[in-house]
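*Asks:* Quick one, what's the 3D model for this:
(chains A, B, C and D)
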2 protein chains.
Amino acid sequence: MIGDRWSLLIIRDAFDGIRRFSELQRNLGLAKNILASRLRELVAQGILTMGPATDGSAYHEYTLTAKGRELFAVIVALRTWGETHLFEGDEPRSALLDVKNELPVRLQVTNAAGEPISSDDAFVRKVS
Amino acid sequence: MIGDRWSLLIIRDAFDGIRRFSELQRNLGLAKNILASRLRELVAQGILTMGPATDGSAYHEYTLTAKGRELFAVIVALRTWGETHLFEGDEPRSALLDVKNELPVRLQVTNAAGEPISSDDAFVRKVS
DNA sequence: CACGAGTGGTTTCAAATTGAAACTGCTTGA
DNA sequence: TCAAGCAGTTTCAATTTGAAACCACTCGTG
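*Replies:* The predicted structure is shown next:
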């Protein structure tokens, strides 16, 4: 799933409201066969569904399932990191804003009490 | 960076304290040439650094830079999603816990006021 | 209602990437 | 001292990618 170049970008676009095959292809600039293959995989994994278009046309569109929408935090995290590290100086960038007040969205790793923590404050435990 | 199968897994292992080449290779089960190539790339991108080993041996080890450590939220998000969706039933899984109280770590997308939001509550704005 | 453009793919084929295995040279511990 | 481990590199076959051509269907326009 995360194991390739395009799947997460497709999911990101899906969160941005992109639903159509051709729109995805133009947006991402990937080959149509690769896009078709990735969409097939994402549908098979239950992250996207293919349904009839909502605009009345005979085409169909891809939308996120509940399982797919749960990737929101992943996309926000990657977007945040990318915005601060993947640009040099004056390149075009974008921000994720709250619909209501248009202030930037934030992402926090917290403990059970809701206090922000860093990687030093956490450890992994194997669970059988 | 996110554009391949192994880089994020290497970074995840780095957060788990894996620092040595051979340890990464055993853990991830990838070919040594691919691992060497990915480590080179990650170092070149300033996500990892290669330094002398801290255990006194003449070998060296890879550690996360500040830029790399800022990927913590991404790794936590992916880990959380994977734990709830990538296992069926009784397979081995792991949890990320707070060092102090051993309670699970959580991840939240919030607005500026700190209130949790979903993908419907946010939109992307292009900024020049 | 014909037709040119757009949609949503599949097929084909060359080029790039991956992965397994063998090989190398240095280090470590017994 | 010497076998095992570390940290790679090289080689080569197999898989994956990406560009381009092709195809069938649908839409809007005149």
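
*Asks:* Find the nearest non-adjacent residue to A:A36, please.
*Replies:* Nearest residue to A:A36 in three dimensions, chain neighbours excluded: A:F21, at 7.7 Å (Cβ to Cβ, 6 or more residues apart in numbering or on different chains). The way it works is simple: take the backbone N, C-alpha and C, and place the C-beta from them, glycine included.

*Asks:* give me every residue that touches that neighbour.
*Replies:* A:35-36, A:39, A:62 (Cβ atoms under 8 Å, 6 or more residues apart in numbering or on different chains).

*Asks:* out of these, which is most surrounded?
*Replies:* A:Y62 (22 neighbours; other Cβ atoms under 10 Å in any protein chain shown).

*Asks:* Against B:R93, how distant is it?
*Replies:* From A:Y62 across to B:R93, the span is 29 Å (Cβ to Cβ, to the nearest Å).

*Asks:* One more: A:Q108?
*Replies:* Counting by Cβ to Cβ - A:Q108 and B:R93 are separated by 23 Å.

*Asks:* swap in A:D13?
*Replies:* With distances taken as Cβ to Cβ, A:D13 is found 30 Å from B:R93.

*Asks:* Which of the two has more residues huddled nearby?
*Replies:* Ranked by neighbour count (other Cβ under 10 Å), A:D13 and B:R93 place A:D13 first, with 17 against 14.

*Asks:* That one against A:N27, yeah?
*Replies:* Yes. Between A:D13 and A:N27 there is a contact at 5.7 Å, judged by Cβ atoms under 8 Å.

*Asks:* now the helices for chain A?
*Replies:* Using DSSP state H, the helices of chain A run over A:7-15, A:21-28, A:32-44, A:66-69, A:72-85.

*Asks:* Make a markdown table from those helices and add mean pLDDT to it.
*Replies:* What follows is the helices of chain A, written out as a markdown table (pLDDT from 0 to 100):
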| stretch | mean pLDDT |
| --- | --- |
| helix A:7-15 | 97 |
| helix A:21-28 | 97 |
| helix A:32-44 | 98 |
| helix A:66-69 | 97 |
| helix A:72-85 | 93 |
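
*Asks:* Reformat those helices as TSV; add distance to DNA strand C.
*Replies:* Output for these, formatted as TSV (distance: least, Cβ to the nearest atom of the strand, whole Å):
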stretch	distance to DNA strand C
helix A:7-15	12
helix A:21-28	4
helix A:32-44	3
helix A:66-69	16
helix A:72-85	19
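
*Asks:* looking at the ones you listed, which is closest to DNA strand D?
*Replies:* Proximity to DNA strand D (Cβ to the nearest atom of the strand) singles out helix A:32-44 among the helices of chain A, at 4.3 Å.

*Asks:* send the alpha carbons of that closest one over as CSV?
*Replies:* Extracted as CSV, the C-alpha positions of helix A:32-44 are listed here (Å, rounded to 0.1, in the frame of the first residue of the first chain):
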residue,chain,number,x,y,z
LYS,A,32,-2.7,5.6,-17.5
ASN,A,33,-1.9,1.9,-17.2
ILE,A,34,-0.1,2.5,-13.9
LEU,A,35,-3.1,4.6,-12.6
ALA,A,36,-5.5,1.9,-13.7
SER,A,37,-3.4,-0.7,-11.9
ARG,A,38,-3.1,1.3,-8.7
LEU,A,39,-6.8,2.1,-8.6
ARG,A,40,-7.6,-1.6,-9.0
GLU,A,41,-5.3,-2.4,-6.1
LEU,A,42,-6.8,0.4,-3.9
VAL,A,43,-10.3,-0.8,-4.6
ALA,A,44,-9.3,-4.4,-3.9
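
*Asks:* Off-centre distance for it?
*Replies:* 16 Å (Cα atoms, centre = their mean, to the nearest Å).

*Asks:* Check stretch A:85-102 too.
*Replies:* The chain centre lies 15 Å from the centre of stretch A:85-102; the measure is Cα atoms, centre = their mean.
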